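Enquirer: coordinates for the following, if possible.
(chains A and B)
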Number of protein chains: 2
Amino acid sequence: MYKLAIYSFIAIATSTSFVFLPSPPKSYYHSLFISDSLSDNSSIANHLFILTKRPHVAGSEANAEAAAYVLLILTSYNIKSHVTSYDVALTYPVSRSLILTPSSSEKPIEFGLSQEIYENDPYADVANEVLPTFHAYARSGTANGPVVYANYGRVEDYATLREMGVNVSYTVVLARYGKIYRGDIVHNAYAAGAIGVLIFTDKDYGGAKWFPDDKWMPPSGVQVGSVYDGTGDPTTPGWPSTGECERLSNEEVDDSGNVPLIPSLPISSADGDAIIRSIGGKEANVDWQGGKDSPIYRVGPGPAIVNLSYEGQQVISTIQNVIGVIEGEEEPDRFVILGNHRDAWTFGAVDPNSGTAALLEIVQRLEKLQKRGWRPRRTIVLCNWDAEEYGLIGSTEWVEENREMLASRVVAYLNVDCAVQAKNFRASATPQLDELIIQVAQQVKDPDNSTQTIYQSWLGSSNDTTVKLGRLGGAGSDYAAFVQHIGVPTLDLSFGDGYPVYHSMYDDFVWMKKFGDPMFHRHVAVASVWGLLALRLADDEVLPFNYLTYAYELQKSAEQLEAEISENGISLVPLYASIEKLRKAAIKIEDDVKALKAKRSWASVRELNDRLIMTERAFTDKDGLSSRTWYKHLIYAPSRHDDYGSNSFPGISDAIERAKSLDSTDSWRSVQHEVWRVARAITQASLVLSGRLT
Amino acid sequence: MYKLAIYSFIAIATSTSFVFLPSPPKSYYHSLFISDSLSDNSSIANHLFILTKRPHVAGSEANAEAAAYVLLILTSYNIKSHVTSYDVALTYPVSRSLILTPSSSEKPIEFGLSQEIYENDPYADVANEVLPTFHAYARSGTANGPVVYANYGRVEDYATLREMGVNVSYTVVLARYGKIYRGDIVHNAYAAGAIGVLIFTDKDYGGAKWFPDDKWMPPSGVQVGSVYDGTGDPTTPGWPSTGECERLSNEEVDDSGNVPLIPSLPISSADGDAIIRSIGGKEANVDWQGGKDSPIYRVGPGPAIVNLSYEGQQVISTIQNVIGVIEGEEEPDRFVILGNHRDAWTFGAVDPNSGTAALLEIVQRLEKLQKRGWRPRRTIVLCNWDAEEYGLIGSTEWVEENREMLASRVVAYLNVDCAVQAKNFRASATPQLDELIIQVAQQVKDPDNSTQTIYQSWLGSSNDTTVKLGRLGGAGSDYAAFVQHIGVPTLDLSFGDGYPVYHSMYDDFVWMKKFGDPMFHRHVAVASVWGLLALRLADDEVLPFNYLTYAYELQKSAEQLEAEISENGISLVPLYASIEKLRKAAIKIEDDVKALKAKRSWASVRELNDRLIMTERAFTDKDGLSSRTWYKHLIYAPSRHDDYGSNSFPGISDAIERAKSLDSTDSWRSVQHEVWRVARAITQASLVLSGRLT
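Expert: Next up, the predicted model:
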């Protein structure tokens, strides 16, 4: 506090022309940024309230209005801002019907498929703007057949069904939400021979009481969402959907393997329960059962027959990314990018506008810093993405459009999607950022326990003596194109990991105010952590990247891999050797940083920082993953059977899966080839980090 | 001269501690560099004499000695230097035989297949170190069949043969050298059904008198060379041949389509003449005939039967690149790279050591500049490549090994292969370098006419009012990996365009001294031009790149393309639109350069230069050309049927060729897709050049 006061004085002094006084160090502004004096939970709440007044799905007028609001706020805080639009293929529901015939002797039941409005719901008057529950990019069509219950619809669940003698062919699969990405639930059902899929909300999301009385999902609540397995506009894979661009035909999109070929619908826990009760056959395993008070779950097929009918329409819709730029004073051509999406399936109080509100809070604080004389060393770019929900579309199109420039100029990408879902800080990152995240978490107070830092609570929530950081191989949010397509150091933050009313009509301001973050202190904390990370990356003379952590993580992954393939004649020697090179280069660059202190020039600092930035790029390979070449990163990419799941060495994993199924010499040789490819990428990274030509 | 004298004084003064005197501007050193006072034709001649004492094919002890010599010279001129080795798959001849049976009634003739030593040949004692004449990577095996004469062995020559009713199946093709790359002569013969190929030196290379009495190839002279169609070590496509690296199996190399599947031999004009005389059948067209005094060329098949037998062995050999680095004072992390290869099929006086001698002359002059106080702004890297003759191997492996660092740090690559073949300056370049080459050519005197500049002579040798510059789509020398794989601004220089004793035993110091460059003034001129280009690129504060020329060149290529495909419903609108964007960005950056003058900081200059550098990278596409993905550049790549030939928009050309042959809707749709891809790459380039995010 003392330090703050001193510099406040100097700052004022310099603004009245005592120009020879040194301006405060960046660290002064960084402390100020996270101080109580600059935080404002009421304006965050207000931003969230305004952003979530109406449902604002991508392509809607309401979402364009929300874009205008974000642009207005950025501009009002003197941020140079603009809207970047794309015309992308989105789908909307036209008609849906679901009829259950419990048995041949019973009358068919037609489900209403609507989420109930509760008494005194302040959003009742705009509830009609919520889209009918559906799956984006679901196949239009009708499926009529006996029902099979398939647990979470994972590959291993179908293996269990096979072992139980259950034939899934020509059935309609009933699966419950959870564990894997819903698009893969549909994909796996199709692969097993099903003709349609229903996905219901099970008790994972429910309680004895529910919203508005408790945080849990009401029985009529439905998790809508996308079932698209790709990234970006499905009709423009790898290039931006700008103007009169090239587009794939419907047939080509179907052939891509990224859109479902059988219809599907998301349904409520109430409807799911009704169907479950009419499924006979063998009793499902214990871990396939529901919560207490649930009936016994059986696997079928039938006797229940369902008739599922869905018709959607694909529309080329205009989406808006809002982009704000605070130009760096010393290195305008190095970008620290903060990103959050704006589009929501319904009101989006958690997903994603808790993040948008935090972004606007950061903008407000940065303006205050600027008024006190701060200018970032590097350029800060603030991105508010559109159409994330459909398939990370706004961010992906933008990355594809600006790919070449981003590839050479981006320092790091900092993503926040659902900023506040519950308590407990959570972070995922490419490993060179781990140390920075920990440092920042040690500086910000825990919003749920002001006697300790976020770091202390984070530690406490784990059984380890170290905090647990996730990795970014999944395709769960807008970081995907940055990490997986162009290889940018990236992180993703939130409080909480999941919330019951996810993607339902109940994800609104009332829920947030009552259950998510009543005092908006978690929002304030997200803004502090996210903003301070950005400030460190934008202002630190030498970038706070630590590649020893990366080498350590790679070593762990290699050891896990070794356990998995030890008996198949695959040599990991080249992989270990490359990791050792990276480790040495990571040690060397620490020495280079120390050496820098003696003979410090702009150019020498820049040279060193560029090595730190470009090392991550070197983990990408131009050719990408075999048969899914958009994914260029050889360390992190989505798992093949769960788009949300993350694989280390995804190319090796893909090859192992194939080899295990074919068990031919050639297929195992491919595994070795993929090991070589990863080893070569890591070797490239070590050369870039060392800064030496061979 | 006056200006030079002044600065000489200041330079001396500063070296004795008058440190407040401004050091001379870079332009002073640049003028000094090309002044007569620094040039030294006798030391160039001496370098060439020493380098060419023995035949020094890649992988030989003699070539390792030559590497040691280059390293010694670099080191003696205080250049930090090292050798970078690779273990690569080279092939050497084990046995060869060629038997001609002119007709069933005549006795077989076995050819000697050796190049004659002339009287008093000073290299007679090392002539046994010259490899037996062969084709590198030729298929081992025997071919026995009637001979067909196929002119230059181009695709169109086989079309002519078909029209003449000549069936090439199971024949041995006799083709003459010229027009296309010898590897494609073999490839095209194989595609036509031939079982073996002989390639002879025709009168293109001959005269009434010959070496040592005249510059022409002796009747026994043979052009050896590679018939490999790829780039870099065939067993390590896309990655460096370092240590215990992954290697393709022989079967995989065969499957790559880059190595011939039928045996071939190069033969002399004398042997070719003997075979020609025993071919009957229809008389070949006028433009297929030989020079005066030649017999009438007929196409066959037969009656002559040849039995061609070749056995080669593949050896993993160690090759040495010699790399020297003069570190930049202000921008050590920006590289201007000069490259020339060292390995030769025989003595290599023209190919390539005229270039090596010029490189060493540059090194000598640069040391003199350094002694007078010059330091380059950017880093100059001097590369002496190995195994170029086999398939650009040394340069390609090095680019593949250092790919990620080179991709972000290289300003330009300046290649010289056969520096001096004859008179007449010749240059090829990516078009943003055109203007710089012209400027430099305007500063250096023509070695063959000291009353004018190289530029004036260059103009005079063309019928146009502008000089003619080549482009770099072919794979003729070590620039290929730089341009076509990573997208670096690149140029290639020489005096003369072809010489009669090319790749024969007679390419020695005597030939050079007698016919190529008796006074070594052309060598001096190459060193002046090449070195001054390097100095401008290393020292100019704002890089001398002009992208308006690039836009103009693309426009021309697009118009040529339009003429070719106008009737097939292909729209070039996106292509023209992208070129217009590039043109606008090229104009804008000129304004940005002017604006810079007011507010000039290291960072703002760097930002602008990086845009100029990285624009070329943006012409590359990660996915590369369809079915030959190593080639990433979408503007320049080798022609499919002539590795030496160059295509603009090679992906479009490939697709058109396919569409013309299949003529299906899908194949024409692929052409349109390739047009889109090029348009998108040019759009990326325009965004990078403009420096603006969308």
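Enquirer: enumerate the residues of the stretch 501-650 of chain A near chain B.
Expert: A:573-574, A:602-604, A:606-607, A:610, A:614, A:617-618, A:622-624, A:629, A:632 (CB under 8 Å from any CB of the partner chain). All C-beta spots, glycine's among them, are computed from the backbone N, C-alpha and C.
Enquirer: now the residues you listed: which count as buried?
Expert: A:574, A:603, A:606-607, A:610, A:614, A:617-618, A:622-624, A:629, A:632 (16 or more other CB atoms under 10 Å in any protein chain shown).
Enquirer: farthest pair in those?
Expert: Using CB to CB, those reach their maximum pairwise distance at A:603 and A:629, which is 36.8 Å.
Enquirer: quick one on the thing from earlier: any chance of the buried ones among the residues of the stretch 501-650 of chain A next to chain B in JSON lines, with distance to residue B:180, pLDDT and secondary structure too?
Expert: Output for these, formatted as JSON lines (distance: CB to CB, whole Å; pLDDT from 0 to 100; DSSP: H, G, I helix; E, B strand; the rest coil):
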{"residue": "A:574", "distance to residue B:180": "39", "pLDDT": "97", "secondary structure": "helix"}
{"residue": "A:603", "distance to residue B:180": "47", "pLDDT": "89", "secondary structure": "helix"}
{"residue": "A:606", "distance to residue B:180": "47", "pLDDT": "95", "secondary structure": "helix"}
{"residue": "A:607", "distance to residue B:180": "45", "pLDDT": "95", "secondary structure": "helix"}
{"residue": "A:610", "distance to residue B:180": "43", "pLDDT": "98", "secondary structure": "helix"}
{"residue": "A:614", "distance to residue B:180": "40", "pLDDT": "98", "secondary structure": "helix"}
{"residue": "A:617", "distance to residue B:180": "38", "pLDDT": "98", "secondary structure": "helix"}
{"residue": "A:618", "distance to residue B:180": "37", "pLDDT": "97", "secondary structure": "coil"}
{"residue": "A:622", "distance to residue B:180": "29", "pLDDT": "91", "secondary structure": "coil"}
{"residue": "A:623", "distance to residue B:180": "29", "pLDDT": "90", "secondary structure": "coil"}
{"residue": "A:624", "distance to residue B:180": "33", "pLDDT": "93", "secondary structure": "coil"}
{"residue": "A:629", "distance to residue B:180": "32", "pLDDT": "92", "secondary structure": "coil"}
{"residue": "A:632", "distance to residue B:180": "36", "pLDDT": "96", "secondary structure": "coil"}
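Enquirer: who are the packing partners of the one helix or strand residue A:90 maps to?
Expert: Element membership for residue A:90, per DSSP states H and E: strand A:80-101. Contacting strand A:80-101 under the criterion 3 or more CB pairs under 8 Å, 6 or more residues apart in numbering or on different chains; DSSP states H and E are the following elements: helix A:61-76, strand A:109-110, strand A:264-267, helix A:269-277, strand A:305-326, helix A:388-391, helix A:393-401.
Enquirer: dump those to TSV, plus distance to chain B, mean neighbour count and mean pLDDT.
Expert: As requested, the helices and strands packed on strand A:80-101 are exported to TSV (distance: least, CB to the nearest CB, whole Å; neighbours: other CB atoms under 10 Å in any protein chain shown; pLDDT from 0 to 100):
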stretch	distance to chain B	mean neighbour count	mean pLDDT
helix A:61-76	15	18	98
strand A:109-110	44	13	96
strand A:264-267	31	27	98
helix A:269-277	43	22	96
strand A:305-326	7	21	98
helix A:388-391	18	26	98
helix A:393-401	5	28	98
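Enquirer: how about the ones you listed in JSON lines, adding distance to residue A:378?
Expert: Compiled in JSON lines, the helices and strands packed on strand A:80-101 are given as follows (distance: least, CB to CB, whole Å):
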{"stretch": "helix A:61-76", "distance to residue A:378": "19"}
{"stretch": "strand A:109-110", "distance to residue A:378": "59"}
{"stretch": "strand A:264-267", "distance to residue A:378": "43"}
{"stretch": "helix A:269-277", "distance to residue A:378": "48"}
{"stretch": "strand A:305-326", "distance to residue A:378": "10"}
{"stretch": "helix A:388-391", "distance to residue A:378": "25"}
{"stretch": "helix A:393-401", "distance to residue A:378": "19"}
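Enquirer: widest-spaced pair of the residues of the stretch 501-650 of chain A next to chain B?
Expert: Going by CB to CB, the pair spanning those furthest: A:573 and A:602, at 41.8 Å.
Enquirer: which residues of the stretch 401-550 of chain A fall in strands?
Expert: Using DSSP state E, counting those that start in this stretch, the strands of the stretch 401-550 of chain A run over A:410-420, A:425-429, A:445-446, A:449-453, A:490-495.
Enquirer: for residue A:97, grab the count of nearby residues.
Expert: 14 (other CB atoms under 10 Å in any protein chain shown).
Enquirer: actually residue A:221, not the one I wrote
Expert: 26.
Enquirer: and what about it, helix, strand or coil?
Expert: At residue A:221 the chain is in coil, as set by DSSP: H, G, I helix; E, B strand; the rest coil.
Enquirer: can you give me the pLDDT of the closest residue to it other than its chain neighbours?
Expert: Leaving aside its sequence neighbours, residue A:221 sits nearest to residue A:504 (CB to CB, 6 or more residues apart in numbering or on different chains; 4.2 Å). Listed pLDDT for residue A:504 reads 97.
Enquirer: now do the contacts for residue A:504.
Expert: The neighbours of residue A:504, taking CB atoms under 8 Å, 6 or more residues apart in numbering or on different chains as the test, are A:115, A:217, A:221, A:222, A:223, A:224, A:345, A:346.
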